[in-house]
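# only geometry, no sequence info:
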C-alpha cells in the first residue's frame, strides 16, 4: 500500500548549481527511491534524496523549483516512499558513475561501503564540484568531454585521444574489475553502451552487479498513468514500480 504522510518543510538554501530543500518526514526514501510531493501544482513533484537522516531527507532541485518557495514549517503532503532504490548488501568495494547533472542521485551512496570510487563526467570543468565537497575516503575520478581537466570523455569512447590527453575508458574498465557493485546515474540512452563495457570485464555479471537509475517522468507513482513505461529485456516495465533503479544488464 502506498504510504501517505505529511512532511514538514524546514529550509531551502543554494547549493550551486542546485537548491537544497530539507524536509522532516517519518518515512524518508532510500537512495534511488523517491516521494511524490504536493507542492500546489497540477501534478505531484518527484523528489529524490541527496541526504538521508533518521528524521527526513534533503533533495537537490533546480533553482525556482516550487519547493524553493515554501515557507519554513509548511506542511507538505507526500506519497511514498515509492519505487525500488539501489540494492547494496555487504558490498565492500563500490563504484559510482554519474554525469555531473545526475550526481545528487548518487550522493547518499558516498559512504555506503568501506571503499568507494566515484567517476564524474561533465562537459567541461566549470560544473564539476570542488573535491572538498566529497568525503575524504572517496576515490575521485574527474572526466571532461573537452579535456579541460582530468580524463577525456565520454565514458564509452575508445577513440584515440589527442596529444597530452588520456581517455577514461581504460581506467573505467579497471575500476569495474575492482568493484563488487556499480551504481550509475546517467542519461538512459547511454546505458546499453555502458552495459557493453561491463560485459568486457565480467562476461556473466551477477544480478544487480551494475544498477542504473532511470530518470523519467513519474506523475502517479503507482503504474496507473503509463507515462514511465520503459522497455527491458524482460518486456515493458514501469519505472515507478519496478524501478527507477534497474539491473543495467536488463535494459
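On my side now, so go ahead. Everything quoted here is computed from the prediction, not taken from an experiment.
# residue 190: neighbouring residues, count only.
By the criterion of other CB atoms under 10 Å, residue 190 has 17 neighbours. In short, each C-beta sits where N, CA and C put it, glycine included.
# in a strand, that's where it is, yeah?
No - with DSSP: H, G, I helix; E, B strand; the rest coil as the criterion, residue 190 is assigned helix and is not in a strand.
# what pLDDT does residue 2 get?
For residue 2, the pLDDT comes out at 65.
# same question, residue 246
pLDDT, residue 246: 97.
# can you check residue 203 too?
Model confidence at residue 203 (pLDDT) stands at 86.
# ok, the one 4 residues further on next?
Here, the pLDDT recorded for residue 207 equals 94.
# identify the residues contacting the residue most central in space within the chain.
Compute the mean C-alpha point of the chain, and by CA atoms, centre = their mean the closest residue is residue 105, 2.8 Å away. Contact analysis of residue 105 by CB atoms under 8 Å, 6 or more residues apart in numbering lists 32, 48, 50, 98, 185, 213, 215.
# can you list the domains in this structure?
The record's domain parsing of the chain by automatic domain parsing lists 4-82, 93-216+225-233+241-250.
# run through the strands of the stretch 151-251 of the chain in chain order.
151-152, 181-185, 210-213, 229-232, 235-238, 245-247 (DSSP state E, counting those that start in this stretch).
# quick one: which of the contacts of residue 105 has the most company?
residue 213 (28 neighbours).
# okay but that residue is in contact with residue 248, surely?
No - Residue 213 is beyond contact range of residue 248, at 9.6 Å (criterion: CB atoms under 8 Å).
# the nearest residue to residue 48 once chain neighbours are set aside: neighbour count?
Sequence neighbours aside, residue 34 is the residue nearest to residue 48 in space, at 4.9 Å (criterion: CB to CB, 6 or more residues apart in numbering). Residues lying near residue 34 (other CB under 10 Å) number 27.
# likewise residue 135?
Residue 135, neighbours per other CB under 10 Å, totals 10.
# please apply the same query to residue 71.
Counted with other CB under 10 Å, residue 71 comes out at 7.
# can you check the pLDDT for it?
pLDDT at residue 71 comes out at 97.
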